[in-house]
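Novice: Prediction below, plus the sequence it came from.
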Amino acid sequence: MTTPNVPQHFSELALDPELLARLTELGYDTPTPIQSQVIPSVLEGRDLIAGANTGSGKTAAFALPLLQSLSDNRSQLVKNANKGNEVSALILVPTRELAKQVADSIKSYSAHYNGAIKTVCVFGGVSVNTQMMALRGGTDILVATPGRLLDLMSSNAIKLDKVKTLVLDEADRMLSLGFTDELTQLLDSLPKQKQTLLFSATFPEQVQSLTQHLLTDPVEVQLQSDDESTVVQRVFNVNKGEKTAVLAHLIKQHKWRQALVFVNAKNHCEHLADKLYKRGIEADVFHGDKGQNYRTRIMDEFKSGDIEVLIATDIAARGIDIEKLPVVINFDLPRSPSDYMHRIGRSGRAGEVGLAISLIDYEDFHHFKVIEKKNKIRLDREQVKGFEVDESVTQKMIDANKPTAKPAGTGKKKRKKQQQADSDVWLKK
Ligand code: AMP
């Protein structure tokens, strides 16, 4: 069924032939649902808030209209570019990997402009000098992580007072990673008059508060869950101490082409890799203590399929686009329910059916109930053949699931206080 007024083909969108030709080369036949809904509004200059995961095609949803309006104003841009270290469009992202990925996509989409639109990417963990050089004379598009951008501003390598469009990508992640202060500082440096686009997979209080203070009469886009790529979610009850054995068994049994395994601590990555190695499975690790060059290399090798099993912390949960990743495994459960959604979103990319497996022992049982409740999902608990959980433990799991009494009013008061604290941050503006 077609939806009226929603473009079904890229040619129906008011995009330059340079962009349309590039999309054809990339094999983008039809716009994804988020692209159909977002592109026309952004071209009209509206502010926008969109609920979308990475994998839905959201990078092109904001990048294509951004490139289009930059190309419309190209003569003006060239003049501006000579004025100093100015930026026309600022895209803020939470992680280094996402910054690189978004910038690479934009460079790819703008290939037919033959260098007329300049995109620079800045993030921490690598030398600042190269980034300063790249920013000389300004840039049309700047993709940045908040910390490094502030560093560059304090050394006058970049000025934000001419920004016309601001994109906040993965806003929820940015706030949950503790970038609130950096964001407040950055937002204060931007001109009041600008177009703002905010993308977020989830909408906790902090994001809602940010939205209220940042957006003017925004268009709201929320995809129906049917529109998103499909991820089949499965949960296996596992005996305490048997998770590694079960993981090794599943990897060998299913012979997945690739698997991304999530753990909760950096040192767990190495421990688990060692334990899997003893069971005949080679795995690489990916976490925040690794240098940027290592992280880039590992991610490239995982993307190209050279690495089959990658064990990672949540740093890999956001925004990493690994084509057709067949399975994501929660070896440790994520701390926050929204991280669960981000982790499983690494599988089932761009219309492919993916698989997300969570291994839970009785200590995880209650936490997984919270994850289900917050994400409005309910999954059957399954057993892995040969690793069945014994009766007494199953009973413990059921007991752990019983609701615990809370003193009346505490939750509400606490929530109210948090809400107040969250909005204070943005009210300051
Ligand atoms: P994103 O959500 O922006 O990270 O995109 C996820 C994946 O979908 C990337 O590999 C994109 O190259 C791909 N993609 C985005 N839009 C389209 C489209 N219209 N048709 C086919 N693939 C797309």
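Specialist: Thanks, I have it.
Novice: only C-alpha atoms for contact and neighbour calcs from this point on.
Specialist: Fine.
Novice: Who are the packing partners of the host helix or strand of Lys373?
Specialist: Element membership for Lys373, per DSSP states H and E: helix 365-374. Judged by 3 or more Cα pairs under 8 Å, 6 or more residues apart in numbering; DSSP states H and E, the packing partners of helix 365-374 are helix 337-344, helix 391-400.
Novice: Which one of those helices has the poorest average confidence?
Specialist: Looking at the helices and strands packed on helix 365-374, the lowest mean pLDDT belongs to helix 391-400 (a mean of 65).
Novice: hmm, back to that, how about the CA coordinates for the helix holding Lys373, as PDB?
Specialist: C-alpha atoms of helix 365-374 as PDB (Å, rounded to 0.1, in the frame of the first residue of the first chain):
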ATOM      1  CA  PHE A 365      16.500 -12.300  35.200                       C
ATOM      2  CA  HIS A 366      15.000  -9.300  37.000                       C
ATOM      3  CA  HIS A 367      17.000  -6.800  35.000                       C
ATOM      4  CA  PHE A 368      15.900  -8.300  31.700                       C
ATOM      5  CA  LYS A 369      12.300  -7.900  32.900                       C
ATOM      6  CA  VAL A 370      13.000  -4.200  33.300                       C
ATOM      7  CA  ILE A 371      14.500  -4.100  29.800                       C
ATOM      8  CA  GLU A 372      11.400  -5.700  28.400                       C
ATOM      9  CA  LYS A 373       9.000  -3.400  30.300                       C
ATOM     10  CA  LYS A 374      10.700  -0.200  29.200                       C
END
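Novice: Counting neighbours, which bits of that helix end up buried?
Specialist: In terms of neighbour count (16 or more other Cα atoms under 10 Å), helix 365-374 has its buried residues at 365-369, 371.
Novice: What of stretch 266-285?
Specialist: Residues of stretch 266-285 classed as buried by neighbour count (16+ other Cα under 10 Å): 266, 268-270, 272-276, 283-285.
Novice: State the mean pLDDT of the helix holding Lys373.
Specialist: Mean predicted confidence for helix 365-374 is 91.
Novice: gap between Leu272 and Val261?
Specialist: 10 Å (Cα to Cα, to the nearest Å).
Novice: same deal with Leu66?
Specialist: Applying Cα to Cα, the value for Leu66 to Val261 is 35 Å.
Novice: neighbour-wise, which of these two wins?
Specialist: More crowded of Leu66 and Val261, by other Cα atoms under 10 Å: Val261, with 26 against 23.
Novice: Pull the contacting residues for the more buried one.
Specialist: Val261 sits next to 309-312, 328-331 when contact means Cα atoms under 8 Å, 6 or more residues apart in numbering.
Novice: Neighbouring strands - and their directions - for whichever strand or helix holds it?
Specialist: Remark: Val261 resides in strand 259-262, with elements defined by DSSP H and E. Strand pairing for strand 259-262, determined by DSSP bridges: strand 309-312 (parallel), strand 327-330 (parallel).
Novice: of the ones you listed, which approaches the ligand most closely?
Specialist: Nearest of these to the ligand, taken as Cα to the nearest ligand atom: strand 327-330 at 16.1 Å.
Novice: Quick one: distance of the closest one to the chain centre.
Specialist: Its chain's C-alpha centre and that of strand 327-330 lie 16 Å apart, by Cα atoms, centre = their mean, to the nearest Å.
Novice: contact partners of that strand?
Specialist: So strand 327-330 is contacted by 256, 258-263, 343-344, 346-347, 354-359 (Cα under 8 Å, 6+ apart).
Novice: Only alpha carbons, please: show it as PDB.
Specialist: Only the C-alpha atoms of strand 327-330 are listed here, as PDB (Å, rounded to 0.1, in the frame of the first residue of the first chain):
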ATOM      1  CA  VAL A 327      23.600 -11.800  14.900                       C
ATOM      2  CA  VAL A 328      24.200  -9.700  17.900                       C
ATOM      3  CA  ILE A 329      24.600 -11.500  21.300                       C
ATOM      4  CA  ASN A 330      24.100  -9.900  24.700                       C
END
